[in-house]
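In: sequence and predicted structure below; questions after.
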Amino acid sequence: MTAPRWRLILNGKCAGDDDLREAVGKLREAGVALGVRVTWESGDAERHVDEAIRDGVDTIVAAGGDGTLSEVATELARRDEPAETLPSLGLVPLGTANDFASAAGIPEEPLPALQLIRDSAAVPLDLLRIDADDGTHWCANLASGGFGTEVTVETDEGLKKMLGGLAYLITGIAKLGRIEPLAARVSGPDFAWEGDFIALGIGNGRQAGGGQALCPDARIDDGLLDLTIVPELSGEVASTIGTLVKDGKHAALDRVAVRARMPWVELVSDEPLALNLDGEPVRSRRFRVECVPARLRMHLPAGCPLLATA
(Lines give C-alpha, C1' and ligand atoms only; values in the text may rest on other atoms or scores of the structure.)
Protein backbone atom coordinates (compact mmCIF):
# COMPACT_ATOMS: atom_id res chain seq x y z
CA MET A 1 0.00 0.00 0.00
CA THR A 2 1.33 3.45 -0.93
CA ALA A 3 2.07 5.68 2.06
CA PRO A 4 -0.25 8.70 2.42
CA ARG A 5 1.49 11.84 1.12
CA TRP A 6 0.89 15.00 3.15
CA ARG A 7 2.25 18.52 3.07
CA LEU A 8 2.00 20.55 6.29
CA ILE A 9 2.04 24.33 5.78
CA LEU A 10 3.07 25.94 9.06
CA ASN A 11 2.63 29.55 10.11
CA GLY A 12 6.13 30.87 10.79
CA LYS A 13 5.05 32.30 14.15
CA CYS A 14 4.51 28.72 15.35
CA ALA A 15 7.70 27.24 13.89
CA GLY A 16 9.18 26.56 17.34
CA ASP A 17 6.29 24.42 18.60
CA ASP A 18 7.91 21.33 20.16
CA ASP A 19 4.62 19.42 20.43
CA LEU A 20 4.05 19.81 16.70
CA ARG A 21 7.59 18.68 15.92
CA GLU A 22 7.08 15.55 18.04
CA ALA A 23 3.67 14.86 16.48
CA VAL A 24 5.10 15.14 12.94
CA GLY A 25 7.75 12.61 13.89
CA LYS A 26 5.18 10.15 15.21
CA LEU A 27 3.06 10.41 12.05
CA ARG A 28 6.13 9.74 9.95
CA GLU A 29 6.94 6.69 12.11
CA ALA A 30 3.37 5.51 11.49
CA GLY A 31 3.91 5.57 7.73
CA VAL A 32 2.73 9.01 6.61
CA ALA A 33 5.03 10.73 4.11
CA LEU A 34 4.74 14.15 5.73
CA GLY A 35 6.68 17.14 4.42
CA VAL A 36 6.73 20.52 6.20
CA ARG A 37 6.87 24.02 4.71
CA VAL A 38 6.90 27.29 6.68
CA THR A 39 5.26 30.61 5.74
CA TRP A 40 7.22 33.74 6.60
CA GLU A 41 5.83 36.39 4.28
CA SER A 42 3.08 37.17 1.79
CA GLY A 43 3.00 34.74 -1.12
CA ASP A 44 4.53 31.80 0.74
CA ALA A 45 1.22 29.94 1.13
CA GLU A 46 0.49 30.24 -2.59
CA ARG A 47 3.94 28.92 -3.46
CA HIS A 48 3.71 26.02 -0.99
CA VAL A 49 0.22 24.99 -2.15
CA ASP A 50 1.30 25.09 -5.81
CA GLU A 51 4.33 22.96 -4.98
CA ALA A 52 2.23 20.46 -3.02
CA ILE A 53 -0.19 20.02 -5.92
CA ARG A 54 2.67 19.57 -8.39
CA ASP A 55 4.14 16.94 -6.05
CA GLY A 56 0.82 15.09 -6.05
CA VAL A 57 0.18 15.13 -2.30
CA ASP A 58 -3.05 13.65 -0.98
CA THR A 59 -3.63 16.12 1.86
CA ILE A 60 -2.50 19.65 2.72
CA VAL A 61 -2.50 20.43 6.45
CA ALA A 62 -2.77 24.05 7.61
CA ALA A 63 -0.95 24.47 10.94
CA GLY A 64 -1.82 27.79 12.58
CA GLY A 65 -4.90 29.85 13.38
CA ASP A 66 -7.99 30.84 11.42
CA GLY A 67 -5.91 33.07 9.15
CA THR A 68 -3.61 30.21 8.18
CA LEU A 69 -6.58 27.94 7.47
CA SER A 70 -8.18 30.60 5.30
CA GLU A 71 -4.90 31.35 3.49
CA VAL A 72 -4.38 27.71 2.53
CA ALA A 73 -8.07 27.21 1.66
CA THR A 74 -7.97 30.34 -0.51
CA GLU A 75 -5.02 29.08 -2.54
CA LEU A 76 -6.82 25.77 -3.13
CA ALA A 77 -10.14 27.44 -3.98
CA ARG A 78 -8.57 29.79 -6.54
CA ARG A 79 -7.58 26.87 -8.75
CA ASP A 80 -9.76 25.69 -11.62
CA GLU A 81 -9.75 22.04 -10.59
CA PRO A 82 -12.89 20.54 -8.98
CA ALA A 83 -12.75 19.70 -5.29
CA GLU A 84 -12.46 15.95 -5.79
CA THR A 85 -9.20 16.35 -7.77
CA LEU A 86 -7.56 18.73 -5.28
CA PRO A 87 -5.76 17.59 -2.12
CA SER A 88 -7.99 17.31 0.92
CA LEU A 89 -7.57 19.87 3.71
CA GLY A 90 -6.62 19.27 7.34
CA LEU A 91 -6.09 21.63 10.28
CA VAL A 92 -3.77 21.67 13.28
CA PRO A 93 -4.93 24.63 15.45
CA LEU A 94 -1.94 26.64 16.67
CA GLY A 95 -3.30 30.19 16.59
CA THR A 96 -4.56 32.57 19.26
CA ALA A 97 -8.30 32.15 18.97
CA ASN A 98 -8.73 29.08 16.73
CA ASP A 99 -12.40 29.90 16.23
CA PHE A 100 -13.02 27.45 13.40
CA ALA A 101 -11.28 24.58 15.17
CA SER A 102 -13.07 25.30 18.42
CA ALA A 103 -16.51 25.33 16.81
CA ALA A 104 -15.72 22.24 14.70
CA GLY A 105 -14.42 20.18 17.63
CA ILE A 106 -10.93 19.70 16.19
CA PRO A 107 -8.48 18.64 18.94
CA GLU A 108 -6.28 21.39 20.34
CA GLU A 109 -3.12 19.27 20.60
CA PRO A 110 -1.08 18.60 17.43
CA LEU A 111 -0.86 14.80 17.66
CA PRO A 112 -4.63 14.16 18.09
CA ALA A 113 -5.33 16.73 15.36
CA LEU A 114 -2.99 14.93 12.94
CA GLN A 115 -4.41 11.53 13.93
CA LEU A 116 -7.91 12.87 13.21
CA ILE A 117 -6.81 13.77 9.68
CA ARG A 118 -5.32 10.31 9.19
CA ASP A 119 -8.34 8.42 10.56
CA SER A 120 -11.26 10.41 9.11
CA ALA A 121 -12.56 10.63 5.55
CA ALA A 122 -12.63 14.12 4.03
CA VAL A 123 -16.11 15.67 3.71
CA PRO A 124 -17.35 18.54 1.49
CA LEU A 125 -16.63 22.05 2.78
CA ASP A 126 -18.41 25.19 1.57
CA LEU A 127 -16.44 28.43 1.22
CA LEU A 128 -17.47 32.08 1.03
CA ARG A 129 -16.43 33.97 -2.09
CA ILE A 130 -16.33 37.74 -1.59
CA ASP A 131 -16.28 40.17 -4.50
CA ALA A 132 -15.12 43.63 -3.38
CA ASP A 133 -13.82 46.80 -5.02
CA ASP A 134 -10.29 45.40 -5.05
CA GLY A 135 -11.13 41.97 -6.46
CA THR A 136 -12.15 38.51 -5.25
CA HIS A 137 -11.39 37.06 -1.82
CA TRP A 138 -12.22 33.75 -0.13
CA CYS A 139 -13.23 33.03 3.45
CA ALA A 140 -13.37 29.65 5.19
CA ASN A 141 -14.90 30.64 8.51
CA LEU A 142 -16.64 33.99 8.97
CA ALA A 143 -16.73 37.51 7.55
CA SER A 144 -17.45 40.11 10.21
CA GLY A 145 -17.94 43.85 10.29
CA GLY A 146 -18.52 46.61 12.82
CA PHE A 147 -17.48 46.41 16.46
CA GLY A 148 -16.17 42.86 16.23
CA THR A 149 -13.96 43.74 13.26
CA GLU A 150 -12.43 46.72 15.08
CA VAL A 151 -11.73 44.56 18.14
CA THR A 152 -10.03 41.89 16.04
CA VAL A 153 -7.96 44.37 14.05
CA GLU A 154 -6.90 46.48 17.05
CA THR A 155 -6.01 43.70 19.49
CA ASP A 156 -2.30 43.89 20.21
CA GLU A 157 -0.17 40.94 19.00
CA GLY A 158 1.75 40.81 22.28
CA LEU A 159 -1.47 40.77 24.26
CA LYS A 160 -2.79 37.91 22.10
CA LYS A 161 0.39 35.94 22.69
CA MET A 162 0.11 36.34 26.48
CA LEU A 163 -3.64 36.00 26.96
CA GLY A 164 -4.99 34.15 23.93
CA GLY A 165 -8.70 34.70 23.27
CA LEU A 166 -9.01 36.72 26.47
CA ALA A 167 -7.10 39.50 24.72
CA TYR A 168 -10.07 40.09 22.40
CA LEU A 169 -12.40 40.44 25.39
CA ILE A 170 -10.11 42.98 27.06
CA THR A 171 -9.85 45.00 23.86
CA GLY A 172 -13.62 44.79 23.42
CA ILE A 173 -14.31 46.08 26.92
CA ALA A 174 -11.92 48.97 26.31
CA LYS A 175 -13.92 49.93 23.21
CA LEU A 176 -17.41 49.63 24.71
CA GLY A 177 -17.61 53.32 25.51
CA ARG A 178 -16.81 54.40 21.95
CA ILE A 179 -18.78 52.10 19.65
CA GLU A 180 -19.73 54.02 16.53
CA PRO A 181 -22.44 52.42 14.37
CA LEU A 182 -21.92 51.91 10.64
CA ALA A 183 -24.54 52.43 7.95
CA ALA A 184 -25.22 49.90 5.20
CA ARG A 185 -27.84 48.47 2.88
CA VAL A 186 -28.00 44.68 2.97
CA SER A 187 -29.91 42.59 0.44
CA GLY A 188 -30.30 39.00 -0.70
CA PRO A 189 -32.97 36.61 -1.99
CA ASP A 190 -36.25 37.72 -0.35
CA PHE A 191 -34.30 39.85 2.13
CA ALA A 192 -33.65 43.58 2.49
CA TRP A 193 -32.39 45.61 5.44
CA GLU A 194 -31.06 49.15 5.73
CA GLY A 195 -29.81 51.05 8.74
CA ASP A 196 -27.03 51.47 11.28
CA PHE A 197 -25.34 48.45 12.82
CA ILE A 198 -22.66 47.82 15.41
CA ALA A 199 -21.83 44.25 14.39
CA LEU A 200 -22.39 42.07 11.36
CA GLY A 201 -21.50 38.46 10.67
CA ILE A 202 -21.68 36.43 7.47
CA GLY A 203 -20.99 32.89 8.46
CA ASN A 204 -19.82 29.79 6.84
CA GLY A 205 -18.61 28.97 10.35
CA ARG A 206 -20.05 30.27 13.60
CA GLN A 207 -17.61 32.43 15.53
CA ALA A 208 -14.69 34.82 15.21
CA GLY A 209 -12.62 37.18 17.34
CA GLY A 210 -11.87 34.71 20.10
CA GLY A 211 -15.35 33.26 20.58
CA GLN A 212 -17.83 35.87 19.31
CA ALA A 213 -20.56 33.52 18.07
CA LEU A 214 -22.18 35.86 15.55
CA CYS A 215 -23.69 33.01 13.51
CA PRO A 216 -24.45 30.34 16.11
CA ASP A 217 -26.49 28.10 13.80
CA ALA A 218 -24.23 28.17 10.72
CA ARG A 219 -23.30 24.99 8.88
CA ILE A 220 -20.31 24.53 6.61
CA ASP A 221 -21.91 22.03 4.22
CA ASP A 222 -25.45 23.33 3.60
CA GLY A 223 -24.73 25.54 0.59
CA LEU A 224 -26.01 28.60 2.48
CA LEU A 225 -24.49 31.47 4.42
CA ASP A 226 -25.83 32.69 7.75
CA LEU A 227 -26.30 36.46 8.14
CA THR A 228 -26.47 38.19 11.53
CA ILE A 229 -26.93 41.95 11.90
CA VAL A 230 -26.78 43.63 15.32
CA PRO A 231 -28.49 47.01 14.81
CA GLU A 232 -27.47 50.20 16.58
CA LEU A 233 -28.93 49.76 20.05
CA SER A 234 -29.61 53.34 21.19
CA GLY A 235 -31.23 53.25 24.62
CA GLU A 236 -31.10 49.46 24.81
CA VAL A 237 -27.34 49.33 25.40
CA ALA A 238 -27.61 49.21 29.20
CA SER A 239 -30.33 46.55 29.27
CA THR A 240 -28.52 44.47 26.67
CA ILE A 241 -25.28 44.54 28.66
CA GLY A 242 -27.34 43.59 31.71
CA THR A 243 -28.69 40.59 29.83
CA LEU A 244 -25.15 39.74 28.73
CA VAL A 245 -24.05 39.55 32.36
CA LYS A 246 -27.13 37.71 33.60
CA ASP A 247 -27.92 35.23 30.82
CA GLY A 248 -24.79 35.02 28.68
CA LYS A 249 -23.73 36.59 25.40
CA HIS A 250 -25.95 34.43 23.15
CA ALA A 251 -29.10 35.51 25.02
CA ALA A 252 -28.13 39.16 24.62
CA LEU A 253 -27.44 38.72 20.92
CA ASP A 254 -30.74 36.92 20.37
CA ARG A 255 -32.65 39.88 21.81
CA VAL A 256 -31.52 42.35 19.18
CA ALA A 257 -30.11 40.50 16.17
CA VAL A 258 -31.58 40.33 12.66
CA ARG A 259 -30.87 36.93 11.15
CA ALA A 260 -31.30 35.27 7.76
CA ARG A 261 -29.97 32.31 5.78
CA MET A 262 -29.44 32.56 2.03
CA PRO A 263 -27.05 31.57 -0.80
CA TRP A 264 -25.69 35.11 -1.29
CA VAL A 265 -25.88 38.60 0.18
CA GLU A 266 -24.83 42.08 -0.95
CA LEU A 267 -23.64 44.93 1.29
CA VAL A 268 -23.54 48.52 0.04
CA SER A 269 -22.28 51.52 2.00
CA ASP A 270 -21.76 55.18 1.11
CA GLU A 271 -18.41 55.07 2.93
CA PRO A 272 -15.78 52.31 2.73
CA LEU A 273 -16.81 49.46 5.00
CA ALA A 274 -14.36 46.99 6.54
CA LEU A 275 -15.06 43.26 6.58
CA ASN A 276 -12.71 40.98 8.46
CA LEU A 277 -12.25 37.80 6.41
CA ASP A 278 -10.75 35.26 8.82
CA GLY A 279 -8.34 37.90 10.07
CA GLU A 280 -7.81 39.79 6.80
CA PRO A 281 -9.47 43.25 6.83
CA VAL A 282 -10.84 44.25 3.42
CA ARG A 283 -12.34 47.69 2.76
CA SER A 284 -14.91 48.32 0.05
CA ARG A 285 -18.09 50.28 -0.60
CA ARG A 286 -19.74 47.20 -2.02
CA PHE A 287 -19.44 43.51 -1.18
CA ARG A 288 -21.12 40.52 -2.75
CA VAL A 289 -20.71 37.43 -0.60
CA GLU A 290 -21.66 34.07 -2.10
CA CYS A 291 -21.59 30.62 -0.54
CA VAL A 292 -19.82 28.23 -2.91
CA PRO A 293 -21.04 24.71 -2.03
CA ALA A 294 -18.56 21.87 -1.56
CA ARG A 295 -15.62 23.88 -2.88
CA LEU A 296 -13.07 21.80 -0.93
CA ARG A 297 -12.88 18.58 1.08
CA MET A 298 -11.81 18.68 4.73
CA HIS A 299 -11.06 16.18 7.50
CA LEU A 300 -13.38 16.85 10.46
CA PRO A 301 -14.40 14.92 13.59
CA ALA A 302 -17.27 12.46 13.47
CA GLY A 303 -20.43 14.26 14.56
CA CYS A 304 -18.84 17.67 13.92
CA PRO A 305 -21.46 20.24 15.04
CA LEU A 306 -20.75 22.42 12.00
CA LEU A 307 -21.98 19.74 9.60
CA ALA A 308 -25.61 19.67 8.53
CA THR A 309 -25.17 15.94 7.96
CA ALA A 310 -23.93 15.31 11.53
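Out: Ah, there it is.
In: which residues touch stretch 72-90?
Out: 6-7, 9, 45-46, 49-50, 52-53, 57-62, 113-114, 116-117, 122, 124-125, 127, 129, 137-138, 140, 292, 294-299 (CB atoms under 8 Å, 6 or more residues apart in numbering). In short, each C-beta sits where N, CA and C put it, glycine included.
In: change it to 6 Å
Out: The contact list for stretch 72-90 (CB atoms under 6 Å, 6 or more residues apart in numbering) reads 9, 45-46, 49, 57, 59-62, 117, 122, 127, 138, 140, 294-299.
In: narrow the residues you listed to those in helices?
Out: Counted as lying in helices by DSSP state H, out of the contacts of stretch 72-90, are A45, E46, V49, I117.
In: just the element for the nearest residue to the first one once chain neighbours are set aside, please.
Out: To tie it back to what came earlier, the one meant is A45. Leaving aside its chain neighbours, A45 sits nearest to E71 (4.4 Å; criterion: CB to CB, 6 or more residues apart in numbering). Assigned by DSSP states H and E, E71 belongs to helix 66-77.
In: which SSE is immediately downstream of that helix?
Out: strand 88-93.
In: ok so, going back, what comes up buried for the helix holding E71?
Out: The neighbour-count check on helix 66-77 (16 or more other CB atoms under 10 Å) flags D66, G67, T68, L69, S70, E71, V72, A73, T74, E75, L76, A77 as buried.
In: what's the angle between that helix and strand 88-93?
Out: Angle, helix 66-77 to strand 88-93, by axes from the mean of the first three to the mean of the last three CA atoms, to 10 degrees: 170 degrees.
In: and the pLDDT at the residue nearest to A45?
Out: Looking at E71, its pLDDT stands at 95.
In: try I173
Out: So, for I173, pLDDT stands at 40.
In: farthest-apart pair in the ones in helices among the contacts of stretch 72-90, please.
Out: E46 and I117 (21.9 Å; CB to CB).
In: point out where the protein drops to low pLDDT.
Out: Low-confidence regions of the chain, defined by pLDDT under 70, span residues 1, 147-179, 233-255, 310.
In: all helices of the chain, in order?
Out: Ranges of helices in the chain, per DSSP H, are 18-29, 44-54, 66-77, 99-104, 110-119, 147-154, 157-163, 166-175, 237-247, 249-256.
In: and R79, how many neighbours?
Out: Residues near R79, counting by other CB atoms under 10 Å, number 13.
In: actually P82, not the one I wrote
Out: P82, neighbours per other CB under 10 Å, totals 9.
In: report the separation between it and L214.
Out: When CB to CB, to the nearest Å is applied, the distance between P82 and L214 equals 31 Å.
In: swap in S70?
Out: Distance from S70 to L214, by CB to CB: 16 Å.
In: what's the answer for L94, then?
Out: Distance check for L94 against L214: by CB to CB, it reads 23 Å.
In: which non-adjacent residue is nearest G64?
Out: N11 (3.2 Å).
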